[in-house]
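A.B. asks: any chance you could fold what I've pasted below:
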Amino acid sequence: MRNPARLAAIGFALFLSAGVAAYGQQQITKVGVVDMNKVVNAFYTKSPAVKELMDYWTETETQLNKISKEITDLEALQAKAKNDQDDRAALEYEKKANERKEYQRDLYRYRKLEYDKKFEAVSKSSAFYGDILNVIERIAVRDSYSLILKTTDPAIMYYSKDVDITQDVIEYLSR
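C.D. replies: Numbering: from 1, shown residues only. The predicted structure is shown next:
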C-alpha cells in the first residue's frame, strides 16, 4: 500500500522540478554590443584631447592618401615603361611601388595602434567614460541584457545589428 502523502509530495516535487526546468529553458542570455568610438565621437568631440586625437587621425589619412598617390603615379610610370617595352624601368617602378605599399601598410598599422592607445587613454581618463558605462549599465538592466561587449573586441567574430545598442546609448546621453 502506498502512502498518499508521500505520493503527493513526490508529485509536487516533480511538478516543481518541471516548472523550474521550463523556466530555466526560457532564460536565454541576451548579449548586446556598443560601438564606443561612435558614442565618444557623438558626445566628446568638443574636448581638446579628442580634438587632438581627431587631428592625429586626419594627419594619418593625409599621409596615407599622399602615399596612395605616389603608388598610383609609380604604377602609371610602370605601365608606360611596359608599353614602351622598357623592362628595366618597368621593374624599377614596380619595385618602388611595392616598397611604398609596404611602407603604407606599416604606417597604417603603426598609426592605428597609436590612435587606439590614445583613444583608450582619453576615454578611460575622463569622467565621461564613467558616464557612458553607467548609461550602458542602465540600458542593459532596462532591456534585460546579460552581457554588453565593445564592437572592437577581437573576440567578436560576428554580431547582428539587432544587438547593437550604440544608438540607444547615444540617445540616452542626449537627454
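A.B. asks: hang on, Val33 is in a strand, isn't it?
C.D. replies: Yes: under DSSP: H, G, I helix; E, B strand; the rest coil, Val33 sits within a strand.
A.B. asks: check which residues of the helix or strand in which Lys82 is found are buried.
C.D. replies: Lys82 belongs to helix 48-83 when assigned by DSSP states H and E. By neighbour count on 16 or more other C-beta atoms under 10 Å, the buried set for helix 48-83 is 50, 53, 60, 67, 70-71, 74-75, 77-78, 81. In this view, the C-beta of every residue, glycine as well, is placed from N, C-alpha and C.
A.B. asks: could you do stretch 30-45 as well?
C.D. replies: Result for stretch 30-45 [16+ other C-beta under 10 Å]: buried residues 32-36, 39-40, 42-44.
A.B. asks: which of the three states applies to the residue nearest the centre of the chain?
C.D. replies: Nearest residue to the geometric centre of the chain (C-alpha atoms, centre = their mean): Thr152, 2.4 Å. Put simply, Thr152 is coil when judged by three-state DSSP.
A.B. asks: Thr29 now?
C.D. replies: Per three-state DSSP, Thr29 ends up coil.
A.B. asks: likewise for Ile148?
C.D. replies: Secondary structure for Ile148, judged by three-state DSSP, is strand.
A.B. asks: may I have stretch 98-115 as CSV, with CA atoms only?
C.D. replies: Taking Å, rounded to 0.1, in the frame of the first residue of the first chain, the C-alpha atoms of stretch 98-115 are listed here in CSV:
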residue,chain,number,x,y,z
ASN,A,98,55.9,47.7,-53.8
GLU,A,99,58.2,49.4,-51.3
ARG,A,100,55.7,52.3,-51.0
LYS,A,101,52.8,49.8,-50.5
GLU,A,102,54.7,48.1,-47.8
TYR,A,103,55.6,51.4,-46.1
GLN,A,104,51.9,52.4,-46.4
ARG,A,105,50.7,49.2,-44.7
ASP,A,106,53.3,49.6,-41.9
LEU,A,107,52.5,53.3,-41.4
TYR,A,108,48.8,52.4,-41.2
ARG,A,109,49.3,49.7,-38.7
TYR,A,110,51.6,51.8,-36.5
ARG,A,111,49.3,54.9,-36.6
LYS,A,112,46.2,52.8,-36.0
LEU,A,113,47.9,51.2,-33.0
GLU,A,114,48.9,54.6,-31.6
TYR,A,115,45.5,56.0,-32.3
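A.B. asks: I'd like the buried residues of stretch 30-45 as a markdown table, with pLDDT appended.
C.D. replies: Below are the buried residues of stretch 30-45 laid out as a markdown table (pLDDT from 0 to 100):
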| residue | pLDDT |
| --- | --- |
| Gly32 | 90 |
| Val33 | 90 |
| Val34 | 92 |
| Asp35 | 89 |
| Met36 | 85 |
| Val39 | 84 |
| Val40 | 76 |
| Ala42 | 77 |
| Phe43 | 72 |
| Tyr44 | 68 |
